[in-house]
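Q: Attaching a predicted model along with its sequence, questions to come.
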Amino acid sequence: MLEENKWTFRRADKQFSLEKWQKTIDLMTELFSAPAGFIVHKTDDVYRIIVSSEQQENPYDAGAELSADDNIFCKKVLRDMAPLYVDHASQDSQWDDSPLVKDGFESYLGVPISWPSGEPFGTFCVMDFKQTHYQQSFLELIEQLRDMVEDDLALLDNFTQMREIAMLDSLTNIYNRRAIDLLCQHKLNISKRLGFDISCLFIDINSFKPLNDTYGHEVGDLALICLADTMKECLRETDIIGRLGGDEFIALLQVQPGDCIDSIADKLNTTYQSNLEKRGIPVTSLSIGSGVIAQPKENFAELLKRADEDMYEKKQASKAAR
């Protein structure tokens, strides 16, 4: 799902057309004979203009931000989640300290834009430097144009959900093989550019086939889900975790100063066994290929192969020691 309070529009969102929104805003200001129109997005701390009409007299470009502490019209629209029409702001004392009024704006007509969840996204508004006398039909028009923006947000939300589903393992709800190959290579490229170390953990559940054969696939599935949950519990949010297939999992870690990869692997193992016991699942252990640091010219497939080989050696050594 989209993180609604953190999302910002990027031109790279191919499922989304900035040009369409721009044409909508420009059409609105032309119909209203107004010098400025905006689509404004509210984040945690700012109101950000993501689309601005292109008239020369418009003082605010796309990308401009206003503090959430400022007394601005959009703030009232989203507080009330209702349309707002101010026809002569300089004659209304509640807007005396508004930076928009100080910039010369006299008239504001705006409506709230909502995410598909119903949470506020921002505002769709038209502004003028002179007093206006808009009829009810003007409000109805701006609401119709706003609805087009909300339709686009619904499409974006649906696209994001479908993309997440396509990248997640259906059983464990962590990344699948397709996503792992894509995201881990991307992380590796960034690490080489910025100069930080990457470590790859290749994780395999010991005696998984006997567990499946003895207790059934339902218990085996629970053991897989438990491992995914344990990885989420023990590793950082910035680490990439996923299921390669069967009982094979991977974690790609950004190595921090003072990190001990073997200690991280040991913690995964002991926490996993503890979590199995808490959930009433027969306890087994993990074989983890750890301590594998990416080499300067190594791609992800090569790094993964080395981690797999390290895991296999440790599994064989563990069997020999029994």
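A: Cool, got the structure.
Q: What segments of the stretch 201-322 of the chain are helices?
A: For the stretch 201-322 of the chain, applying DSSP state H, counting those that start in this stretch gives helices covering 208-215, 217-234, 261-278, 300-321.
Q: residues contacting residue 31?
A: Contacts of residue 31 were listed using Cβ atoms under 8 Å, 6 or more residues apart in numbering, and they are residue 141. Where you see a C-beta, it was placed from the backbone N, CA and C, and this is true even at glycine.
Q: and it, helix, strand or coil?
A: Under DSSP: H, G, I helix; E, B strand; the rest coil, residue 31 falls in the helix class.
Q: Quick check: the gap between it and residue 23.
A: Distance of residue 31 to residue 23, given as Cβ to Cβ, to the nearest Å: 12 Å.
Q: Same question for residue 315.
A: Distance of residue 315 to residue 23, computed by Cβ to Cβ: 60 Å.
Q: Neighbour count for those two, which is higher?
A: residue 315 (16 against 12; other Cβ atoms under 10 Å).
Q: Quick check: beta-bridge partners of residue 39?
A: With DSSP bridges as the criterion, residue 39 is bridged to residue 51, residue 124.
Q: Could I get the contacting residues of it?
A: By Cβ under 8 Å, 6+ apart, the neighbours of residue 39 are 21, 25, 49, 50, 51, 113, 122, 123, 124, 149.
Q: Can you get me a residue count around residue 113?
A: Going by other Cβ under 10 Å, the residues that sit close to residue 113 add up to 23.
Q: quick one, phi/psi of the closest residue to it other than its chain neighbours?
A: Excluding the flanking residues, the one nearest residue 113 by Cβ to Cβ, 6 or more residues apart in numbering is residue 121, at 4.4 Å. Dihedral pair for residue 121: phi -100, psi -50, per degrees, to the nearest 10.
Q: One more: residue 159?
A: Per-residue torsions, residue 159: phi -60, psi -40 (degrees, to the nearest 10).
Q: One more: residue 148?
A: Main-chain dihedrals, residue 148, degrees, to the nearest 10: phi -70, psi -40.
Q: That one and residue 24 touch, don't they?
A: Yes: the criterion here is Cβ atoms under 8 Å, and residue 148 meets it with residue 24 at 6.1 Å.
Q: Quick check: beta-bridge partners of residue 249?
A: Beta-bridge partners of residue 249, counted by DSSP bridges, are residue 203, residue 243.
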